[in-house]
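Visitor: missing the sequence, but the structure's below:
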């Protein structure tokens with residue numbers, strides 16, 4: 001019970017909280033798990049890598065408890081091995097980067113702690129190297145669920161999960177599903 005009250009007091013502590021509209025910038029570390037599904041007879045295994053996200057946005061407060069975030073995002077998902085499942089041979093690599101516009105309502109559980117659900121529209125550039133480099137650009141939708149905690153006067157710590165699905169259609173047809181775990185910092189001006 002004592003730990004419960006300590007947790008509540010930590011979350012509710014609001015001496016440094018700021019609820020002003022304003023621009024911000026951010027950087028995140030990504031852990032990406034990609035599941036490429038090919039229709040060309042290949043059967044690729046899941047692959048993991050780390051990447052990063054750069055963002056710039058604007059936080060618009062509707063009330064003390066609700067705001068909306070509009071941000072531009074650049075993702076570098078990482079470089080993934082394309083491993084053929086039956087033989088476990090590395091056939092090549094797949095690398096992706098994306099540009100998104102994200103819309104995310106935030107609900108503040110306290111002055112410092114918020115949860116958000118985001119939907120982003122964007123383009124994903126993919127390059128596959130199977131001895132020859134082939135590339136493709138496709139539109140995509142990204143879904144996110146995350147939380148932020150104000151650690152300093154203008155700095156938020158963020159964490160969450162995102163899901164992206166996009167297709168690669170150039171010689172080889174590959175449908176990619178990417179699950180991303182992220183953590184990062186946002187600085188509000």
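Guide: That came through fine. All values reported here derive from a predicted model rather than from experimental measurement. Numbering: from 1, shown residues only.
Visitor: give the contact list for the nearest residue to residue 127 once chain neighbours are set aside.
Guide: The shortest distance from residue 127 to any non-neighbouring residue, by Cβ to Cβ, 6 or more residues apart in numbering, is to residue 135 (4.4 Å). The C-beta positions use only the backbone N, C-alpha and C, and glycine is treated the same way. Residue 135 sits next to 125-128, 170 when contact means Cβ atoms under 8 Å, 6 or more residues apart in numbering.
Visitor: mind listing which of these are in strands?
Guide: 125-128, 170 (DSSP state E).
Visitor: Nearest to residue 154 among those?
Guide: Of all the ones in strands among the contacts of residue 135, residue 154 sits closest to residue 125, with 32.5 Å by Cβ to Cβ.
Visitor: residues contacting that closest one?
Guide: Residue 125 makes contact with 96-98, 135-137, according to Cβ under 8 Å, 6+ apart.
Visitor: 7 Å instead?
Guide: The contact partners of residue 125, taken as Cβ atoms under 7 Å, 6 or more residues apart in numbering, are 96-97, 135, 137.
Visitor: of these, closest to residue 73?
Guide: residue 97 (10.8 Å).
Visitor: which residues of this protein fall in strands?
Guide: Secondary structure of the chain (DSSP E): strands at 22-38, 47-61, 66-84, 89-108, 113-129, 133-150, 155-170, 172-188.
Visitor: Would you check that residue 96 makes contact with residue 126?
Guide: Yes - between residue 96 and residue 126 there is a contact under Cβ atoms under 7 Å: 4.7 Å.
Visitor: Settle it for me: which of those two has more neighbours?
Guide: residue 96 (27 against 23; other Cβ atoms under 10 Å).
Visitor: Could you check how many residues crowd around residue 104?
Guide: Using other Cβ under 10 Å as the criterion, residue 104 is surrounded by 21 other residues.
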